[in-house]
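K.L.:
Got a predicted structure plus its sequence, pasted below:
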2 protein chains.
Amino acid sequence: MRNQTIEISGAYIESAFSSVGSKESEGPLSKYFDAHYSDDLLGQKTWEEAESCMIKNTLSGALTSCKKTSEDLDAIFAGDLLNQCMASSFGLKSFDIPLFGLYGACSTFVEGICLGAMCVGAGYAKSVGAITSSHFCSSQKQYRFPLEYGEVRTPTSQWTVTGSGCVIISQKETDIQISKVTVGKIVDLGVTDANNMGAAMAPSCADTLLSHFKSTNTDCDDYDCIVTGDLAYVGTDILLELMKKEGYDIRKKHLDCGSMIFDKDAQKVDAGGSGCGCIASVFSGYFYKMMKKKKLGKILLIGTGALMSPSSVLLGEPICGISHAAEIELSR
Amino acid sequence: MRNQTIEISGAYIESAFSSVGSKESEGPLSKYFDAHYSDDLLGQKTWEEAESCMIKNTLSGALTSCKKTSEDLDAIFAGDLLNQCMASSFGLKSFDIPLFGLYGACSTFVEGICLGAMCVGAGYAKSVGAITSSHFCSSQKQYRFPLEYGEVRTPTSQWTVTGSGCVIISQKETDIQISKVTVGKIVDLGVTDANNMGAAMAPSCADTLLSHFKSTNTDCDDYDCIVTGDLAYVGTDILLELMKKEGYDIRKKHLDCGSMIFDKDAQKVDAGGSGCGCIASVFSGYFYKMMKKKKLGKILLIGTGALMSPSSVLLGEPICGISHAAEIELSR
């Protein structure tokens, strides 16, 4: 089996910042997020502009938190779910920072953390950013139906998180380091239901998690928490089952950002949250703070992405999954 | 001014492979390309499947050229122009290679070379691939009008190249090395004409080129060739003018893949070629071979991208540009 894991040294998280919309602000993690927008349009004219504005404010917040300006970043790794990654392009253009544009669906945030940590760890950069966003309204418009249509949701469908998260990764030693990354492969189990992203992503998540366990010679006991991006309820059940078949019982250590961000019953989100902004806001808002407070010592953060587009679904193509993992731990 | 240039050591090009469609096969560079498809559908049912098939065959070709299998690649850096980068996802899924999905519009090929060389140079990987594609018919359908509509083209519009190119970057010493990369920033000069990509990309190309010259203390005389991706005729004129204003006369050293791939008059391509597959196929087909034959010693390869989507254009957003550069030279 190929070793997909890369060891990193000298890459620390200097700050993190999270922004969320109105529904996320009413959810169980509300108090952990750094910025709350009660107006999902953020005062803009379109959902796309609103998402760009959120990504812009999130990067500003992350820079301010560590007393940096955009001049201090050597590069930024960014992406989102909009066609041609428009939210990040327009959100970041005013910062004048060298940009690596990424697309890994909802795995993009951890893809950015992986590349950012590799870049800093190799000494290519002193400081870089990793940022992603998603917006319920721009996603519905692009992937499904405009909100005005009043689409009836299926029980397996997920609710795209309106949120953004950013981490600043630096050579400067802080309490939290990124010590290993595992790069995911495309996994295709032939899922074709565009309203069941969890099922499409879970097999790739299991693939990356198994690969990480094997190449690092670890298992659940070595982590305080195994955090997945947005498998939500349906995908989580599948992941637990797949891991059990491989001999790993990860139930006690597993948390999923898509299952945590909303109150399933009270907020009517069906299978749970999803989107590039889900793991980004929940990691930057909740898990990063838990680590700063030393309540968590070592986590494995796995971004889970469903590689599909409305056209690929119409063409009858399967929805493949891809998941990237980053081992993040206290450095002192 | 920020230093956007990263020095790389120990990253060599082990092989390159290019594939093109019917129109490119009739153009002036035809004999240099490795695979020619007279049927632009490549025997598939849809343009999207055809593009995926081309990217699949191109990676296979590049692997075969250096006697490698997909198992030998530690990662692949890939992207294309289709929404959610579907051509590369579906084209690469059967290879089972860890994937970093990228989106940098037509700058993606050089973005992949930059990240691939950084990854290999840092010792994170022994061998990686960088691959992109574009297809005239899938691009017209997505960005403009379906072919059947018979759109009237403007004189500044460019012809998306049906092509793909792949390079294998390895630690193993070969004749050709990637010695420096310069990461581009988003440049927005307020261009809003979606039929004039060259004008949108040229300012970002000048920005990256100036940054590279300054940080490496070089000018045109230090390169055998400064190769841009797909500025084509209109964008090239703007680049030459912008560089002249900054005191650099690059005319004698500059070549543009978008201007080289078609015969402007005989092939009726208006302003010239464009697309992620343009610089990918022309570098892998023509420039790589010229370097292998020692007819070129040192080139600066600049991928030029226009950050726009059909929705951003409808929303009246400007078309920003981004350009990444890689210094590629003979190693012995």
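P.N.:
Done, it's in. Numbers count the residues shown, from 1 in each chain, chains lettered A, B, ... in the order given.
K.L.:
Outline the domain layout of chain A.
P.N.:
Domain assignment of chain A by automatic domain parsing yields the ranges A:5-170, A:176-330.
K.L.:
Would the longest one count as contacting chain B?
P.N.:
I take that to be domain A:5-170. Yes. Against chain B, domain A:5-170 shows contacts by C-beta under 8 Å from any C-beta of the partner chain at A:6, A:46, A:48-49, A:71, A:74-75, A:79, A:81-86, A:89-90, A:92-93, A:96-105, A:108, A:111, A:114-115, A:118-119, A:121-122, A:124-125, A:142. Glycine gets a C-beta too; all of them are placed from N, C-alpha and C.
K.L.:
List of residues touching the lowest-mean-pLDDT helix or strand in chain A?
P.N.:
Every helix and strand of chain A was ranked by mean pLDDT, DSSP states H and E. The lowest is helix A:310-314, at a mean of 89. For helix A:310-314, contacts defined as C-beta atoms under 8 Å, 6 or more residues apart in numbering or on different chains pick out A:Q142, A:Y143, A:T192, A:A194, A:I319, B:E48, B:L82, B:N83, B:Q84, B:M86, B:F90, B:Q142.
K.L.:
measure the third one to chain B for me?
P.N.:
To tie it back to what came earlier, the one meant is A:T192. 13 Å (C-beta to the nearest C-beta, to the nearest Å).
K.L.:
For burial, what's the neighbour tally of the residue nearest to that residue when sequence neighbours are not counted?
P.N.:
Among residues not flanking A:T192 along the chain, A:P318 sits closest, at 5.5 Å (C-beta to C-beta, 6 or more residues apart in numbering or on different chains). By other C-beta atoms under 10 Å in any protein chain shown, the residues close to A:P318 number 18.
K.L.:
if I look at A:P318, how far off is A:L307?
P.N.:
9 Å (C-beta to C-beta, to the nearest Å).
K.L.:
pretty sure A:E329 belongs to a strand, no?
P.N.:
Yes. Counting by DSSP: H, G, I helix; E, B strand; the rest coil, A:E329 falls inside a strand.
K.L.:
Give the closest residue to it in space, chain neighbours not counted.
P.N.:
A:K298 is the one closest to A:E329 (C-beta to C-beta, 6+ apart), at 3.9 Å.
K.L.:
So what's the residue count around that neighbour?
P.N.:
Neighbours of A:K298 using other C-beta under 10 Å come to 15.
K.L.:
Check A:Q158 too.
P.N.:
A total of 29 residues lie near A:Q158 under the criterion other C-beta under 10 Å.
K.L.:
OK, contacts around it?
P.N.:
A:Q158 neighbours (C-beta under 8 Å, 6+ apart): A:M197, A:G198, A:D230, A:A232, A:G258, A:V269, A:D270, A:A271, A:G272, A:G273, A:S274.
K.L.:
shaky segments in chain A?
P.N.:
A:1 (pLDDT under 70).
K.L.:
Which stretches in it count as helices?
P.N.:
A:22-25, A:47-65, A:86-92, A:108-121, A:136-143, A:197-216, A:232-245, A:257-260, A:276-282, A:288-292, A:310-314 (DSSP state H).
K.L.:
Need the contacts of helix A:310-314 in JSON lines (columns: distance to B:H36 and neighbour count).
P.N.:
Below are the contacts of helix A:310-314 laid out as JSON lines (distance: C-beta to C-beta, whole Å; neighbours: other C-beta atoms under 10 Å in any protein chain shown):
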{"residue": "A:Q142", "distance to B:H36": "36", "neighbour count": "22"}
{"residue": "A:Y143", "distance to B:H36": "36", "neighbour count": "18"}
{"residue": "A:T192", "distance to B:H36": "34", "neighbour count": "13"}
{"residue": "A:A194", "distance to B:H36": "36", "neighbour count": "19"}
{"residue": "A:I319", "distance to B:H36": "33", "neighbour count": "24"}
{"residue": "B:E48", "distance to B:H36": "21", "neighbour count": "27"}
{"residue": "B:L82", "distance to B:H36": "22", "neighbour count": "29"}
{"residue": "B:N83", "distance to B:H36": "28", "neighbour count": "22"}
{"residue": "B:Q84", "distance to B:H36": "29", "neighbour count": "26"}
{"residue": "B:M86", "distance to B:H36": "24", "neighbour count": "24"}
{"residue": "B:F90", "distance to B:H36": "22", "neighbour count": "28"}
{"residue": "B:Q142", "distance to B:H36": "24", "neighbour count": "21"}
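K.L.:
Among these, which pair sits farthest apart?
P.N.:
A:T192 and B:Q142 (21.3 Å; C-beta to C-beta).
K.L.:
Is A:V282 in contact with A:P28, as I believe?
P.N.:
No. A:V282 is not in contact with A:P28 according to C-beta atoms under 8 Å; the separation is 10.8 Å.
K.L.:
Looking from chain B, tell me which residue of the stretch 201-332 of chain A is nearest.
P.N.:
As assessed by C-beta to the nearest C-beta, chain B sits closest to A:S309 within the stretch 201-332 of chain A, at 3.8 Å.
K.L.:
Tally up the residues packed near that residue, please.
P.N.:
Number of residues near A:S309 (other C-beta under 10 Å) recorded here: 24.
K.L.:
Contact partners for A:C320?
P.N.:
Neighbouring residues of A:C320 by C-beta under 8 Å, 6+ apart: A:I186, A:V187, A:D188, A:A200, A:S204, A:A306, A:L307, A:M308, B:S89, B:F90, B:K93.
K.L.:
thought A:K141 was touching A:E148?
P.N.:
No. Look at A:K141 against A:E148 with C-beta under 8 Å: they stay out of range, at 9.6 Å.
K.L.:
Neighbour count for these two, which is higher?
P.N.:
Legend: neighbour count by other C-beta under 10 Å for A:K141 and A:E148, higher for A:K141 (19 against 7).
K.L.:
nearest spatial neighbour of that one, skipping sequence neighbours?
P.N.:
That would be A:W47: by C-beta to C-beta, 6+ apart, it lies 6.3 Å from A:K141.
K.L.:
what about the spatially most central residue of chain A, distance to A:N195?
P.N.:
Centroid check for chain A by C-alpha atoms, centre = their mean gives A:I279 as the closest residue, at 3.3 Å. Shown here: A:I279 relative to A:N195, a distance of 20 Å by C-beta to C-beta.
K.L.:
Also A:C137?
P.N.:
According to C-beta to C-beta, A:C137 and A:N195 sit 18 Å apart.
K.L.:
which one of those two has more residues nearby?
P.N.:
A:C137 (19 against 16).
K.L.:
Can you give me every residue that contacts the more buried one?
P.N.:
By C-beta under 8 Å, 6+ apart, the contact list for A:C137 reads A:D40, A:W47, A:A50, A:L147, A:T162.
K.L.:
redo that, cut-off 6 Å
P.N.:
By C-beta atoms under 6 Å, 6 or more residues apart in numbering or on different chains, the residues touching A:C137 are A:W47.
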